[in-house]
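Q: Model the structure of this input:
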Amino acid sequence: MSDPIRVLIADDHLIVREGLRLILETAEGMELVGEATDGAEAVRLASQVQPDVVLMDLRMPGMDGLAAIERLRDTHPHIAVVILTTYNEDELMVRGLQAGARGFLLKDTGRETLFHAIRAAARGEMLLKPEIVAKVLAHTAAPPAPSGPLDLTNREREVLEAVAQGERSKEIAARLHITERTVKAHLTSIYNKLGVDSRAAAVAEAIQRGWLGS
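A: Numbers count the residues shown, from 1 in each chain. From the prediction side, this is the model:
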C-alpha cells in the first residue's frame, strides 16, 4: 500500500478545522498531520511535519494565507497548497494563485469533492473548477496589462483557455489534435511570456489581464 497523503489545515476558525478534521478522519489514504491558526504557524508546522497538501485559509490574523503561500513556495515548493475560500473572495483567490496555490476549495464543499481535491493536489494537478473560474471572471475587474499586450499565439491562447477550464495536458492534446509534448512546449512558452511558473499562476495572470471570458 502507498503512504497516506499527509494533510495540514490552516484556518483561524475552530469550527472549520473541526469539520475538516472529522471528515479527514474518515478518509482512506489520508492523514491529518497538523492544524494551524495563522500563516506563521502554518509555515512552521509545514517545515516540521512535511505535509503533502496544505488546506490554506486566506484571511487569518498575523501572517495571512497569501504571505504563507508565498513563504511555502520559496521554502517548500514540493508542498501543494489549496486555498480554502468562500464565494466573496474573488480578488484574494486570484492573488493566491499568483502566489503559488494549486487551486481553490470552497469551505462548504462536500466530502467527495474534498477528497478528490486533496488527491489531485497531491498528484501535482491544478484545481480550477470551471464554475469558480467563471465567477472570478465575472466579478474581478481586469486592470490594463502592466507592460502592454503580449504576443501569445492563437494556439497558446487555446491552450491557456483549456487550462482555465481545468483540462489536463492529455485532454488538451486530444482535443487540439496535438501531442502532450507540444502542449507542454506551449505551456513553457506561455509561462515565459507571462513571467510565471505554474498553470494556476498563468490563469490568474490571464484573468488579471482580461484575456479570459471574453
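Q: Let me know whether my guess that residue 54 is in a strand holds.
A: Yes: under DSSP: H, G, I helix; E, B strand; the rest coil, residue 54 falls within a strand.
Q: can I assume residue 208 is in contact with residue 94?
A: Yes: the criterion here is Cβ atoms under 8 Å, and residue 208 meets it with residue 94 at 6.4 Å. The way it works is simple: take the backbone N, C-alpha and C, and place the C-beta from them, glycine included.
Q: Once you drop chain neighbours, what's closest to residue 200?
A: Spatially, and ignoring its direct neighbours in sequence, residue 200 is nearest to residue 97 (4.2 Å; Cβ to Cβ, 6 or more residues apart in numbering).
Q: Could you tell me how far residue 124 is located from residue 25?
A: For residue 124, the distance to residue 25 (Cβ to Cβ, to the nearest Å) stands at 25 Å.
Q: The residue nearest to residue 200: helix or strand, and which one exactly?
A: helix 90-99 (DSSP states H and E).
Q: And that helix, what's buried?
A: 90, 92, 93, 94, 95, 96, 97, 98, 99 (16 or more other Cβ atoms under 10 Å).
Q: How far does the helix or strand where residue 43 lies sit from its chain's centre?
A: For residue 43, the host element (DSSP H and E) is helix 39-49. Distance, stretch centre to chain centre, for helix 39-49: 18 Å (Cα atoms, centre = their mean, to the nearest Å).
Q: Domain-wise, how is the protein divided?
A: Domains of the chain are assigned by automatic domain parsing as 5-127, 143-209.
Q: Tell me which of the ones you listed sits most buried.
A: Each of the domains of the chain was scored by mean neighbour count; the highest is domain 5-127, a mean of 19, by mean count of other Cβ atoms under 10 Å.
Q: Start and end of that one, how far apart?
A: End-to-end distance of domain 5-127 (Cα to Cα, to the nearest Å): 17 Å.
Q: distance between it and the chain's centre?
A: Computed by Cα atoms, centre = their mean, the chain-centroid distance of domain 5-127 equals 9 Å.
Q: Make residue 1 into 34 and carry on from there
A: Taking 34 as the first residue, the last one we looked at is domain 38-160.
Q: for the chain, which helix is longest?
A: Taking DSSP state H as the criterion, the chain has its longest helix at helix 213-227.
Q: need the next SSE after it, C-terminal direction.
A: Later in the chain than helix 213-227, the nearest helix or strand by DSSP H and E is helix 232-242.
Q: Output that next one as CSV, nothing but the C-alphas.
A: Provided in CSV are the C-alpha atoms of helix 232-242 (Å, rounded to 0.1, in the frame of the first residue of the first chain):
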residue,chain,number,x,y,z
ARG,A,232,-0.7,26.7,-14.6
ALA,A,233,-2.6,28.3,-11.8
ALA,A,234,-0.4,31.5,-11.9
ALA,A,235,-0.8,31.6,-15.7
VAL,A,236,-4.6,31.5,-15.4
ALA,A,237,-4.5,34.2,-12.6
GLU,A,238,-2.4,36.5,-14.8
ALA,A,239,-4.7,35.9,-17.7
ILE,A,240,-7.7,36.8,-15.6
GLN,A,241,-5.9,40.0,-14.4
ARG,A,242,-5.1,41.0,-18.0
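Q: got the angle for it vs helix 213-227?
A: Following axes from the mean of the first three to the mean of the last three Cα atoms, to 10 degrees, one obtains 50 degrees for the angle between helix 232-242 and helix 213-227.
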